[in-house]
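[1] The sequence and its predicted three-dimensional model are supplied below.
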Amino acid sequence: MITILGATGQVGYRVAERLLKEGRHVRAIGRNTARLDALAAGGAHTVQADLTPVPAASFAGSEAVFAMLPSNPYAEDFAAEQAMWGASIVDALRVSEVERIVALSSLGADRLDAPGVIGCLAEQEERLRTSTDRSLHLLRPVSFFENLLPAAQQLTDSGTHVDSVDPHLPIPMIATSDIADAAVRALTDSPWDGVRTQVLLGERDLSYAEATAILGERLAITAARYERLPYEAMADVLVSIGFSRSYAQLYVDMTRAFNTEELTRDVRRSPDNSTETSFEEFADSIPAPAAVS
């Protein structure tokens with residue numbers, strides 16, 4: 001049995017789907033009932049879970065676990081909630097007989113002083129390293145293509161995509177399907193000794209201005225443009241759509257780190273850390289503007 005935390009999310013759902021297609025026994029734990037129903041139809045044992053600590057019995061009978069921190073940008077104290085979830089995951093793993101743990105983290109999470117939301121993942125890496133003695137595989141991808149789905153909606157609504165990232169700075173981005181492929185390989189691997197890490201940089205570096213132009217072309221939006229906002233203005237935009245001030249501040253702290261290149265300056269692209277799916281392929285998969293949600 002392989003247990004997938006966050007099995008209805010962007011990465012976890014794809015991991016569960018691929019494992020089921022390989023004929024693996026899967027326990028899928030997630031929030032979205034429609035996606036859980038789809039996984040159950042494919043043969044998964046499903047568990048509907050809300051935004052609560054992970055029960056100790058969640059990993060019973062599992063030889064491997066895909067572990068990820070759920071993200072709740074509405075939490076009044078985002079970092080504190082992440083720490084609570086992280087500790088509950090580690091507590092459940094500690095009393096289990098799981099042999100292999102594949103944890104979804106992020107580029108930059110090797111630093112305990114990592115900026116913004118990445119700092120929460122750095123703390124979780126440290127909990128996993130120091131509190132479990134199982135084979136641990138840390139996936140450290142970069143920003144997801146899917147994080148730009150709100151940009152598609154912004155472009156549809158106004159023709160403009162706003163964020164606080166430097167418009168002309170090429171940064172690595174990745175498709176969640178490529179992350180899922182790496183996770184499945186690690187989950188089905190033989191147990192290994194200790195901790196290993198895998199950086200995933202996507203197909204190529206891409207600026208937000210380039211990504212916006214590609215989205216605009218694919219969605220048939222005339223004169224699509226990207227506008228960079230000051231950090232506090234971007235935080236205010238996030239708060240205006242319902243996100244907590246705590247999350248909004250961590251988000252812009254992370255984009256500030258993108259802009260200074262402190263997360264990517266010392267990272268070298270290679271065939272081992274590059275993946276196949278291009279941003280153009282991702283953009284082609286987005287529904288027509290009227291259907292974007």
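    Nice, I can see it. Numbering: from 1, shown residues only.
[2] Dihedrals phi and psi, R225?
    Reported as degrees, to the nearest 10, the phi and psi values for R225 are phi -140, psi 160.
[3] tell me which strands and helices the lowest-mean-pLDDT helix or strand in the chain is in contact with?
    Ranked by mean pLDDT, DSSP states H and E, the weakest helix or strand in the chain is helix 149-158, scoring a mean of 89. Contacts defined by 3 or more Cβ pairs under 8 Å, 6 or more residues apart in numbering; DSSP states H and E place helix 149-158 against strand 160-163, helix 208-218. No exception for glycine: its C-beta is placed from N, CA and C like everyone else's.
[4] residues of stretch 119-136 that come out buried?
    119-125, 127-128, 132, 134-136 (16 or more other Cβ atoms under 10 Å).
[5] can you list contacts of it?
    67, 69, 78-79, 82-83, 86-87, 89-90, 93-94, 98-101, 103, 105-106, 108-114, 138, 191-196, 250 (Cβ atoms under 8 Å, 6 or more residues apart in numbering).
[6] thinking again about what came up before, quick check: of the buried residues of stretch 119-136, which lies closest to L36?
    Lowest distance from L36 to the buried residues of stretch 119-136 (Cβ to Cβ) belongs to Q124, with 24.0 Å.
[7] And the closest one, how close does it get to L20?
    Note on Q124: its distance to L20, by Cβ to Cβ, to the nearest Å, is 26 Å.
[8] I'd like the helices and strands packed on helix 149-158 as CSV, with mean pLDDT and distance to S143 appended.
    Output for the helices and strands packed on helix 149-158, formatted as CSV (pLDDT from 0 to 100; distance: least, Cβ to Cβ, whole Å):
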stretch, mean pLDDT, distance to S143
strand 160-163, 96, 11
helix 208-218, 95, 10
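[9] can I get these in TSV with distance to G202 and mean neighbour count?
    TSV is the format used below for the helices and strands packed on helix 149-158 (distance: least, Cβ to Cβ, whole Å; neighbours: other Cβ atoms under 10 Å):
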stretch	distance to G202	mean neighbour count
strand 160-163	18	21
helix 208-218	11	20
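[10] Tabulate those in TSV, adding columns for distance to Y74.
    Output for the helices and strands packed on helix 149-158, formatted as TSV (distance: least, Cβ to Cβ, whole Å):
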stretch	distance to Y74
strand 160-163	19
helix 208-218	25
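[11] Tell me where the model's unsure across the stretch 51-200 of the chain.
    Counting by pLDDT under 70, the stretch 51-200 of the chain contains low-confidence ranges at 51.
[12] can you map out the strands along it?
    64-67, 100-104, 135-141, 143-144, 160-163, 171-174, 195-200 (DSSP state E, counting those that start in this stretch).
[13] just to revisit the earlier point, wait, which of the buried residues of stretch 119-136 is closest to S164?
    Proximity of the buried residues of stretch 119-136 to S164 (Cβ to Cβ) peaks at G119, which lies at 17.4 Å.
[14] Relative to V54, how far out is that closest one?
    Look at G119 and V54: by Cβ to Cβ, they are 21 Å apart.
[15] How about T188?
    Counting by Cβ to Cβ, the separation of T188 from V54 is 22 Å.
[16] Neighbour count: the two, which is higher?
    More crowded of T188 and V54, by other Cβ atoms under 10 Å: V54, with 21 against 15.
[17] what sits against the more buried one?
    V54 sits next to 5, 29, 85, 88-89, 91-92 when contact means Cβ under 8 Å, 6+ apart.
[18] how about those, which pair is most distant?
    Maximum pairwise distance among those (Cβ to Cβ): 15.3 Å, between I29 and D91.
[19] Out of the strands of the stretch 51-200 of the chain, flag the one nearest L215.
    Smallest distance to L215 across the strands of the stretch 51-200 of the chain (Cβ to Cβ): 7.4 Å, for strand 160-163.
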